[in-house]
Every structure is written in structure tokens, then in C-alpha cells.
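Asks: Any chance you could fold what I've pasted below:
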Amino acid sequence: MKYDASQTETDWLQRLRQNDDQAFALIMKNYYTSLYNYADQFSQDDGLIKDCIQEVFINLWQRRDTVLQILSPKYYLLRAIKNKVLKCLHQNNRKADSTPLNEDYEFLQEFSN
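Replies: Numbers count the residues shown, from 1 in each chain. All right, here's what the predicted structure looks like:
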């Protein structure tokens, strides 16, 4: 199927549900910049943002059977990217908190009587 300028977001979702990779590419092309700019409000880590966007689109493709339940692709994707970025930031913070101390660290403490 070719892109038709008269198609709506609902048409894109219907085509996506039918495994149309061109519709998927169209959705990615139309929303990537918006997702990036929105995610940038939560993190300035360029790599993290791009990875999260990729994961959101992978998830959309994997769940394409249920995309007709999405009322607005734009708002669905914006919410998905926000949740994904915040989850990644939370996981990264937990990893940083659980990092063991360097074994070369010398802990010296003197106690007075």
C-alpha cells in the first residue's frame, strides 16, 4: 500500500494491524521528533532517549494486533515514551545505588576514649 495524504491516524493503525510495515514506518516518521522532544524534558541523555523511543516502537509493532484500541496514536506514544524514560531513569538510579564500594577504598576511623 502507498501513502495517501487523505489517510488518518486511524487508517495508519488499521494498516499496522494488517502487518503493513509502510504504515509502521509512516507512524515512526511522523512521531519520532515529537517523542524525542517530549522525552528530552525528562532526560538529557541522548542515547537513553533514542533507546527508549526504539523500544516504544518495537512494543507498538509487537502489539499491533491490539492497536485499534488506541484512540490517539500521538497521545499513546507520548505517554509510552514518558513511562519508558522514567522507568529507565529509575532503573539506572537503582543500579547506581546498589553499586558496591571499591575494594581499594580505605576506611580509617579513629575513636577517642
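Asks: in the helix or strand of the chain with the lowest mean pLDDT, what's buried?
Replies: The helix or strand of the chain with the lowest confidence, counting by mean pLDDT, DSSP states H and E, is helix 73-97 at a mean of 89. For helix 73-97, burial by neighbour count (16 or more other CB atoms under 10 Å) applies to P73, Y76, L77, L78, A80, I81, K82, K84, V85, C88. The C-beta positions use only the backbone N, C-alpha and C, and glycine is treated the same way.
Asks: With distance to I27 added, can I get these in TSV?
Replies: Written out in TSV, the entries for the buried residues of helix 73-97 read as follows (distance: CB to CB, whole Å):
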residue	distance to I27
P73	6
Y76	10
L77	8
L78	13
A80	12
I81	13
K82	18
K84	16
V85	19
C88	22
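Asks: thinking again about what came up before, what is the distance between the least confident helix or strand of the chain and the centre of its chain?
Replies: The gap between where helix 73-97 is centred and where its chain is centred comes out at 6 Å by CA atoms, centre = their mean, to the nearest Å.
Asks: That concludes my questions; thank you for your assistance.
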